[in-house]
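Q: return a 3D structure for these sequence lines:
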Amino acid sequence: MGDVLDKALQLAGLTESALADRARVSVAKIRDAIDYRYELDAEELNRIASILGLNEVGFRAMADGHYPVPEICGLPFCLFPLRMAHGIGVANAYVVADCSKPVGLLFDAGPSPAALRRVWPSRIKELQAIFITHAETEHMAGLTDAKVRGNPPVFAPPGSRLAGATQVGEGTRLEFAGFSVEVWSSPGHAEAHNSYLVRSNGAPAGTALLVSGDLIFAGSIGGAFFCRDKMKASTRRIFAQLPMDTVVAPGHGPLTTLENERAYNPFVVS
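A: Numbering: from 1, shown residues only. Predicted coordinates:
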């Protein structure tokens, strides 16, 4: 909840003191909550959620330590989440593959070559392409190790300045290893940021996967370090235009679905 409060203050353009005054809560309590020490009662949580424009159901669930995460099923292909330690949490990369083949696609590359090697799925021997959501260290520092697996092409957002990468922007559709990968430009956390919508060519009507980078997380969104208005617009567009059964593979934290996040994510208010 500290992460959510910090980001919500940023998006609302409020200081901790201003929120405390409007919510009739001591500023010490607000600061403690941001530092992951929660002493807010139900009424205080409701007032804070209302002032910050947060989904009260999800905000309260998070404060209670019971934010719901759905069971992931229905993808018509194999998904290998590669979870690597980063700070107090994890940074994620993902391999997508036909379950019967040792060839796949990699999305993001983790915080180091060694970290990526430690979690690499042994059955995946070759990569046909690598897609980077944005050029932050924890999402692309393992790239050198990944590229030895078949010397695949690397794709990244326009303006990301990633050496050797082909820049791909909004609406670009690429096909590799039996998959269609559609580029969704999603600035906000970073100016150069893509999300990638992945579908199986063998089951085009099946459940899709959105590799969201630092746009949407289970229970949160990315920090709006580039532009808070663009962060809001990028998030709204995803929920308005993609099917609710879409599985979300975020840059940090667990897998989720758009349906789950529409119901509970504090930043998603119908």
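Q: domain ranges for this protein?
A: As assigned by automatic domain parsing, the chain contains the domains 2-63, 78-264.
Q: pLDDT of the longest one, averaged?
A: The average pLDDT within domain 78-264 is 96.
Q: without its sequence neighbours, what residue ends up closest to residue 3?
A: Distance criterion CB to CB, 6 or more residues apart in numbering; nearest residue to residue 3, sequence neighbours excluded, is residue 220 at 5.7 Å. (Each C-beta comes from the backbone N, C-alpha and C, glycine too.)
Q: and that neighbour, bridged to which residues?
A: residue 217 (DSSP bridges).
Q: hang on, it packs against residue 1?
A: No - between residue 220 and residue 1 there is no contact under CB atoms under 8 Å: 9.5 Å.
Q: ok so, going back, count of neighbours near the residue nearest to residue 3?
A: Counted with other CB atoms under 10 Å, the neighbours of residue 220 add up to 23.
Q: how far away is it from residue 2?
A: Distance, residue 220 to residue 2, using CB to CB, to the nearest Å: 11 Å.
Q: OK, contacts around residue 47?
A: 22-25 (CB atoms under 8 Å, 6 or more residues apart in numbering).
Q: pipe those residues into a markdown table and attach distance to residue 71 per row.
A: As requested, these are exported to a markdown table (distance: CB to CB, whole Å):
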| residue | distance to residue 71 |
| --- | --- |
| 22 | 38 |
| 23 | 35 |
| 24 | 39 |
| 25 | 36 |
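Q: adding pLDDT, write those out as a markdown table.
A: Formatted as a markdown table, the contacts of residue 47 follow (pLDDT from 0 to 100):
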| residue | pLDDT |
| --- | --- |
| 22 | 96 |
| 23 | 96 |
| 24 | 96 |
| 25 | 95 |
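Q: ok so, going back, can you say which of the domains of the chain is packed in most?
A: Mean neighbours per residue, mean count of other CB atoms under 10 Å, is largest over those for domain 78-264, with a mean of 19.
Q: hmm, residue 42 is touching residue 59, no?
A: No - with contacts counted by CB under 8 Å, residue 42 stays clear of residue 59, the gap being 10.9 Å.
Q: ok, the residue nearest to residue 25 when sequence neighbours are not counted to residue 22 distance?
A: Excluding the flanking residues, the one nearest residue 25 by CB to CB, 6+ apart is residue 44, at 5.0 Å. Counting by CB to CB, the separation of residue 44 from residue 22 is 12 Å.
Q: for the helix or strand where residue 174 lies, name the packing helices and strands.
A: If you go by DSSP states H and E, residue 174 is part of strand 173-176. Secondary-structure packing of strand 173-176 (3 or more CB pairs under 8 Å, 6 or more residues apart in numbering; DSSP states H and E): strand 126-131, strand 179-185.
Q: and after the shortest one, which helix or strand comes next?
A: Spelled out, it's strand 126-131. Scanning forward in sequence from strand 126-131 by DSSP H and E, the next helix or strand is helix 137-140.
Q: helices or strands up against that next one?
A: Partner elements for helix 137-140 (3+ CB pairs under 8 Å, 6+ apart): strand 89-97.
Q: what does the strand it packs on contact?
A: 77-85, 103-111, 116, 121, 124, 127, 138-139, 142, 177, 179, 198, 209, 211, 249-253.
Q: assumed residue 18 was part of a helix.
A: Yes - the assignment for residue 18 is a helix, going by DSSP: H, G, I helix; E, B strand; the rest coil.
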